[in-house]
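Participant: pasted the sequence and its predicted model underneath.
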Amino acid sequence: MRNTKIFSAPLFCFCAFMLLMVQTSFSGGSQVFKIEIVNQIATGPKVEKSGGLEVIRVSKGDFVKIFWKSDQKTELHLHGYNIKTKLLAAGESTMVVEAKATGRFSIEAHGFGNSHKHKTLIYLEVLPR
Ligand SMILES: [Cu+2]
């Protein structure tokens, strides 16, 4: 019984902190995208085509979750935000972005398989509210 008292205070603090975090990060909308990369081409529902490449379009303040799936091993790099996500062949990964900065940011593959060539796959476009 003594142990429960010791653990309840930090747990309460942690929960209160998480609740605060969730509230602040959800000040915008919550956006979920599922992107599949096949033969080094990224597509998915809810993406738009602009300037020859697909675009993930969100608004400033949005909490963006991108679920990635790829047929080849690669490392994704969201420029500007500088977020990197590793993907295994036939694997899935999640990229989480708090869309604080507006603009168009390229999401590059830093090599596919054993190649190290960089290739822009898709853009993240953050529009002002
Ligand atoms: Cu890069």
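Facilitator: Received, thanks.
Participant: what residues are bridge-paired with the closest residue to G91 other than its chain neighbours?
Facilitator: Distances taken as C-beta to C-beta, 6 or more residues apart in numbering place S70 nearest to G91, at 6.8 Å, with adjacent residues excluded. In short, each C-beta sits where N, CA and C put it, glycine included. As for beta bridges, S70 partners with I37 under DSSP bridges.
Participant: surely S70 touches L87?
Facilitator: Yes. With contact defined as C-beta atoms under 8 Å, S70 reaches L87; the gap is 4.5 Å.
Participant: who's in contact with the residue nearest to G91?
Facilitator: By C-beta atoms under 8 Å, 6 or more residues apart in numbering, S70 lies in contact with E36, I37, V38, L87, L88, A89, A90, G91.
Participant: on that earlier part again, what touches both of S70 and L87?
Facilitator: I37.
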